[in-house]
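Novice: Build me a model from this:
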Amino acid sequence: MELSAEIHQKLLGFQKNEITEHNIYKNLAKFVRPEENREVLRQIAEDELRHYRGWKKLTGEEVKPDLFQVWKYTWISRLLGFTFGIKLMERGEESAQQNYNELVGKVEGVEEFIHDENVHEERLIGMLDEELLQYAGSVVLGLNDALVELTGALAGLTLALQNTPLIALSGSITGIAAALSMAASEYLSTKSERDSRKNPVKAAVYTGIAYIITVLVLILPYLVFHNYFVCLALALTAAVAIIALFNYYISVAKDEPFKARFIEMAGLSLSVAAFSFLVGFLFRKFLGIEV
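Specialist: Residues are numbered from 1 along each chain as shown. As a prediction, this is how the structure comes out:
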């Protein structure tokens, strides 16, 4: 089949994509657990290599993998979890499948590639079972409670105390005590769920760690700067950033909508902060307390 220059260039792009993904899957198979998952990834890597060779027969050219993409997705998967890395890469594969569909009837064998890509996705979804996502609910609980409670507390303390070291001390004590309380509550809650796959201790640890990390991030501006209004602004900005990053992670890893969850969590945290700021102002004004 004689190919036009435009189709030839598209095939070279597909060829590069296949050999790049072959190397990514091969790398992931080296560290993913259990062995069943590794075997599936090895098979997918071999399929990608077979696709590469199929495109090579049509183009008659050798193509090197995109080493930056190989490095990027390998380390994203190592740092942020196998599920997140694969799902993030899948988003690029969706556009590739659409391009494949455009070549049906124009290039011989493209239907087989489309079928294999769909099989890959089904097999991947079936094998994605990471511990972090099992405990995503516990992480959400810790993050959400810390963001709502501590942004509110810091807003109220900022106007009531107007002293950054004192605000940082009060916020730290409040946050750490709340983190331990929330972790204990999550332990008891998970233990009472008879059909839960989660380990109560691990659920408590995930909740507590998420809470404490959030506390440290929100308190940090009060330890660095002296203007308490600047510190509050930075703390609220950090809270919104945490909400955005975490919801993006969940939206990719669990195929959930980003916008609605982000608006809900950000709106709740900022609303509580605004109300607490008002409460701090009223207490300071009417009770006449000066620190």
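
Novice: shouldn't residue 32 be in contact with residue 38?
Specialist: Yes. With contact defined as CB atoms under 8 Å, residue 32 counts as touching residue 38 (5.5 Å). (Glycine included, C-beta is placed from N, CA and C.)

Novice: With neighbour numbers in mind, choose between these two.
Specialist: residue 32 (22 against 16; other CB atoms under 10 Å).

Novice: then stretch 185-203 to CSV, C-alphas only?
Specialist: Extracted in CSV, the C-alpha atoms of stretch 185-203 (Å, rounded to 0.1, in the frame of the first residue of the first chain):
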residue,chain,number,x,y,z
SER,A,185,-11.5,8.2,65.2
GLU,A,186,-10.5,6.7,61.8
TYR,A,187,-9.1,3.7,63.6
LEU,A,188,-12.3,3.0,65.5
SER,A,189,-14.4,3.7,62.5
THR,A,190,-12.5,1.3,60.2
LYS,A,191,-12.4,-1.3,62.9
SER,A,192,-16.1,-1.3,63.2
GLU,A,193,-16.6,-1.9,59.4
ARG,A,194,-16.7,-5.7,59.2
ASP,A,195,-16.5,-6.0,55.5
SER,A,196,-13.8,-3.3,55.0
ARG,A,197,-10.6,-4.3,53.2
LYS,A,198,-8.7,-1.6,55.1
ASN,A,199,-6.4,-2.2,58.0
PRO,A,200,-7.5,0.0,60.9
VAL,A,201,-4.0,0.9,61.9
LYS,A,202,-3.0,1.8,58.4
ALA,A,203,-6.1,3.9,57.9
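
Novice: Name the residues that touch it?
Specialist: 131, 134-135, 138, 141-142, 204, 207-208 (CB atoms under 8 Å, 6 or more residues apart in numbering).

Novice: average pLDDT across that stretch?
Specialist: Averaging pLDDT along stretch 185-203 yields 80.

Novice: how is this structure carved up into domains?
Specialist: In terms of domains, the chain is parsed into 5-129, 132-287 (source: automatic domain parsing).

Novice: Kindly compare burial across those and name the winner.
Specialist: Of all the domains of the chain, domain 132-287 carries the top mean neighbour count, a mean of 18, counting by mean count of other CB atoms under 10 Å.

Novice: and residue 209, how far is that from residue 10?
Specialist: Shown here: residue 209 relative to residue 10, a distance of 47 Å by CB to CB, to the nearest Å.

Novice: How far away from the center of its chain is the helix or strand where residue 75 lies?
Specialist: Using DSSP states H and E, residue 75 sits in helix 67-80. On the basis of CA atoms, centre = their mean, to the nearest Å, helix 67-80 sits 14 Å off its chain's mean C-alpha point.

Novice: same for that helix, what does it pack against?
Specialist: Here helix 67-80 touches helix 5-28, helix 82-102, going by 3 or more CB pairs under 8 Å, 6 or more residues apart in numbering; DSSP states H and E.

Novice: what sits against the residue most central in space within the chain?
Specialist: Central residue check for the chain by CA atoms, centre = their mean: the C-alpha nearest the mean position is that of residue 249, 1.7 Å away. The contact partners of residue 249, taken as CB under 8 Å, 6+ apart, are 80, 84.

Novice: Please enumerate the strands of this protein.
Specialist: Counting by DSSP state E, the chain has no strands at all.

Novice: any low-confidence regions in it?
Specialist: Scanning the chain for pLDDT under 70 picks out the ranges 1-3, 92-101, 105, 117, 121-122, 124-132, 194-196, 280-281, 283-291.

Novice: again, 50 this time
Specialist: Scanning the chain for pLDDT under 50 picks out no residues.
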